[in-house]
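Visitor: build me a model from this:
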Amino acid sequence: MLRLVVGSLLWLAIGYPAGSRAQGAPDEPSGYRTDAYRAPVPATLQGARVIGTEAAEALWREKAAIFIDVLPRPVKPENLPATVIWREPPHKSIPGAVWLANVGYGVVPTPLLETFRARLDALTGVDRTKPLVFFCLRDCWMSWNAAKRAVAWGYGGVIWFPEGIDGWSDALLPLEPVAPEP
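Guide: Numbering: from 1, shown residues only. Model (predicted):
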């Protein structure tokens, strides 16, 4: 018998159950977050502007920023039986956003970091002042890490949208399927 798995071990992969939220924001760490990515995030990101859903919507409607989704891409389970077909679940994001999957981990392999940096340069035309809105999900450190990297690389228009896709969806704003960039 052939079974179909449309799955997301995503919450297991990034380590925190969706919807969990502790009271109060933690302090901003000096380095990147390397574990428990689904956890309350700081209210700040040094060198970046932090925005809510209303401001994100205004930037999106005005086409005044490049939106970068950094949600990790689900991974096919290694122990998946041969009789099971793996189907990657569809991912919906902010319309027009670029999905740069897996660049928000605390430790990113050098080839992926180089690709991330090259994509930012291409998206901005090497104009490091262009507004870049980084997002993921609510209470997800992936977007914080990715935005922090962009700041460290000298991008001056970094904007962090910590409510991400969850805040966008809660505001009944449109979402569309998006494919990850290679």
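Visitor: shaky segments in the protein?
Guide: 1-23 (pLDDT under 70).
Visitor: can you map out the helices along it?
Guide: Using DSSP state H, the helices of the chain run over 10-14, 53-61, 110-124, 141-152, 164-170.
Visitor: ranges for the strands of this protein?
Guide: Ranges of strands in the chain, per DSSP state E, are 3-6, 49-50, 66-69, 84-87, 92-93, 98-99, 132-135, 158-161, 176-177.
Visitor: who wins for proximity to G24 among those?
Guide: Taking CB to CB, strand 49-50 is the member of the strands of the chain nearest to G24, at 15.8 Å. Where C-beta positions appear, they are placed from N, C-alpha and C, glycine not excepted.
Visitor: just checking: what are the partner strands of that closest one?
Guide: Listed by DSSP bridges, the sheet partners of strand 49-50 and their directions read strand 158-161 (parallel).
Visitor: can I get the partner strand as CSV, trimmed to CA atoms?
Guide: Extracted as CSV, the C-alpha positions of strand 158-161 are listed here (Å, rounded to 0.1, in the frame of the first residue of the first chain):
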residue,chain,number,x,y,z
VAL,A,158,16.9,46.4,7.2
ILE,A,159,13.4,46.1,8.5
TRP,A,160,12.3,43.2,10.8
PHE,A,161,8.6,42.2,10.8
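Visitor: what does that strand rub up against?
Guide: Contacts to strand 158-161, defined as CB atoms under 8 Å, 6 or more residues apart in numbering, come from residues 45, 47-53, 56, 59, 65, 131-135, 143-144, 147, 150-151, 167.
Visitor: buried subset of those residues?
Guide: 45, 48, 50-51, 53, 56, 59, 65, 131-135, 143-144, 147, 150-151, 167 (16 or more other CB atoms under 10 Å).
Visitor: what's the burial count for the closest residue to T124 other than its chain neighbours?
Guide: With sequence-adjacent residues excluded and distances taken as CB to CB, 6 or more residues apart in numbering, T124 is closest to K130, at 4.3 Å. Using other CB atoms under 10 Å, K130 is surrounded by 17 other residues.
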